[in-house]
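Novice: Below is the sequence, then the predicted model.
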Amino acid sequence: VAFYTLGCKVNQYETEAMREAFAAAGHTVVPDSAPFDAIVINSCTVTAESDRKTRQTVRRFRKERPDAAIVLTGCMVQAFSDEAKLLCETDVVAGNTDVKKIVEYTERFLSDGERIFAVSKHAKTERFNTPSLTDFAERTRAYMKIEDGCERFCTYCIIPTARGFVRSKPLDEIKAEAEALSKAGFSEIVLVGINLTSFGTGESFDLADAVDAVCGVEGIKRVRLGSLEPDHMSDEMLSRFKKQEKFCPQFHLSLQSGCDKTLKRMNRHYDTAFYRDLVLRIRDSFSDAAITTDIMVGFAGETGEEFNESLSFAKEIGFAKAHIFAYSRRAGTVAYGLPNQVSKTEKARRSRLMSEATLKTESEFLNSLVGRVFPVLFETSQDGFAEGYTANYSRVRVKSDNPHTGEILDVKIISAENEYCVGELQ
């Protein structure tokens, strides 16, 4: 069985969980470039383009491997099950409510050849049920999914439909998984979720407790967080993060827009004043904190003046890195029917301007590190250079014949290039 993943880190984690489940059931896991009897395609549906890529992937593998079983799962299946069912190239179509079921459905199809369609809606009573991992594809950093679901209902987003209600991984399971990953040789764990800052909703714990649990595991040297919703970040939470020496001061605070009118139409739960204040508090508490983000341009009704406000705000904050993307109309969302949709040409122009501005702030951030020494966790090597990341997730390259993979070594930053720093081992 082979696997193909589209989408986010949570999807990548769930693919890893399916790999382990198939292996535990006695199946041999192979790359998608090797001969296989079945392939599991884990879909994304965050944009209409994501759905197009999913359909394209299904058809490509059917053409390349006409005799193999094509298994389609993931967010596209869950959000648009009727469309997924019509993909005649698929043999198994299953929702994302239960990873373990994918093995059962695949085995059943390989046994009797009967096409399977199994998609059940998310329910309030649903509990966190993604299996824990004992290994991960990367060798120095592992992702750990600790939260699923989202109940924010931003007007542009289909994810609450695809992922259901908020549910959290129990703390004892988080600690046990971190211990297993430590024994497997991982130095860094990145905690991820669909809405990570909702972790612990309705429970007696929160995200800071999850960080404490992983930081307490011997062998884990760094703990990093995935994407965060700004309005869930309290002073108490920041204070607890600061007490953990293993905590990495990189905060990916999803902005979406730097204009209050646009944020209101998006149904985001904060304004620019709150966001600005949060960034100032983080920078006051964590030296060399990297503030990274996502920014959408061309949202429904975004005027030229509103875009300019967003652009000015992005420059003011000075992001260490930003993912810029144009708004994509999504069937099934409130924003799909909003008036004054922005043209494709104008979205492209705004994307270019926002990208130029944030690349400049990224360069400024990297240059602020020059002349200083930082611990770097090395991950890869190529062409006589070893490459890794600082705690604030700045990419660093050093000239070295030794790859130093998995080692954390002090590096003096001597220059900043496009998207990375050049350093010398100390």
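Specialist: Everything's here; your move.
Novice: Where do the strands of the stretch 51-200 of the chain begin and end?
Specialist: 69-74, 92-94, 116-118, 141-148, 167-168, 188-193 (DSSP state E, counting those that start in this stretch).
Novice: And those strands: which comes nearest Glu356?
Specialist: Ranking the strands of the stretch 51-200 of the chain by their distance to Glu356 (criterion: C-beta to C-beta) puts strand 188-193 first, at 28.8 Å. (C-beta placed from N, C-alpha, C; glycine too.)
Novice: How far away from the center of its chain is the helix or strand following that closest one?
Specialist: Using DSSP states H and E, the helix or strand that follows strand 188-193 towards the C-terminus is helix 207-215. On the basis of C-alpha atoms, centre = their mean, to the nearest Å, the separation between the geometric centre of helix 207-215 and that of its chain is 19 Å.
Novice: ok and helix 207-215 relative to strand 188-193, angle-wise?
Specialist: 150 degrees (axes from the mean of the first three to the mean of the last three C-alpha atoms, to 10 degrees).
Novice: Could I have the CA atoms of whichever helix or strand comes after helix 207-215 written out in PDB?
Specialist: Moving toward the C-terminus from helix 207-215, the next helix or strand (DSSP H and E) is strand 222-225. Extracted C-alpha coordinates of strand 222-225, given in PDB (Å, rounded to 0.1, in the frame of the first residue of the first chain):
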ATOM      1  CA  ARG A 222      12.300  21.400  21.500                       C
ATOM      2  CA  VAL A 223       8.600  21.900  21.500                       C
ATOM      3  CA  ARG A 224       7.000  24.100  18.900                       C
ATOM      4  CA  LEU A 225       3.400  25.100  18.100                       C
END
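Novice: which secondary structure elements does strand 222-225 contact?
Specialist: If you count contacts as 3 or more C-beta pairs under 8 Å, 6 or more residues apart in numbering; DSSP states H and E, strand 222-225 packs onto strand 188-193, helix 207-215, strand 250-253.
Novice: what about the ones you listed, which gets the closest to Pro170?
Specialist: helix 207-215 (9.9 Å).
Novice: helices or strands up against the closest one?
Specialist: helix 171-183, strand 188-193, strand 222-225, helix 235-242.
Novice: Adding mean pLDDT and distance to Glu147 as columns, could you present these in JSON lines?
Specialist: Listed next are the helices and strands packed on helix 207-215 as JSON lines, based on pLDDT from 0 to 100; distance: least, C-beta to C-beta, whole Å:
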{"stretch": "helix 171-183", "mean pLDDT": "97", "distance to Glu147": "10"}
{"stretch": "strand 188-193", "mean pLDDT": "97", "distance to Glu147": "3"}
{"stretch": "strand 222-225", "mean pLDDT": "98", "distance to Glu147": "11"}
{"stretch": "helix 235-242", "mean pLDDT": "96", "distance to Glu147": "15"}
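Novice: give me the element the closest residue in space to Glu49 that isn't next to it in sequence is part of.
Specialist: Leaving aside its sequence neighbours, Glu49 sits nearest to Ser328 (C-beta to C-beta, 6 or more residues apart in numbering; 6.2 Å). Under DSSP H and E, no helix or strand contains Ser328.
Novice: What about Ser328, how many residues nearby?
Specialist: With neighbours defined by other C-beta atoms under 10 Å, the count for Ser328 comes to 15.
Novice: now it: how far from Val223?
Specialist: Per C-beta to C-beta, to the nearest Å, Ser328 is found 33 Å from Val223.
Novice: On the pLDDT front, check the nearest residue to Tyr336 once chain neighbours are set aside for me.
Specialist: Nearest non-adjacent residue to Tyr336, counting by C-beta to C-beta, 6+ apart: Arg329, 5.2 Å away. At Arg329, the pLDDT value in this model is 92.
Novice: Tell me how far Arg329 lies from Ser343.
Specialist: From Arg329 across to Ser343, the span is 12 Å (C-beta to C-beta).
Novice: What of Lys360?
Specialist: Distance of Lys360 to Ser343, given as C-beta to C-beta: 26 Å.
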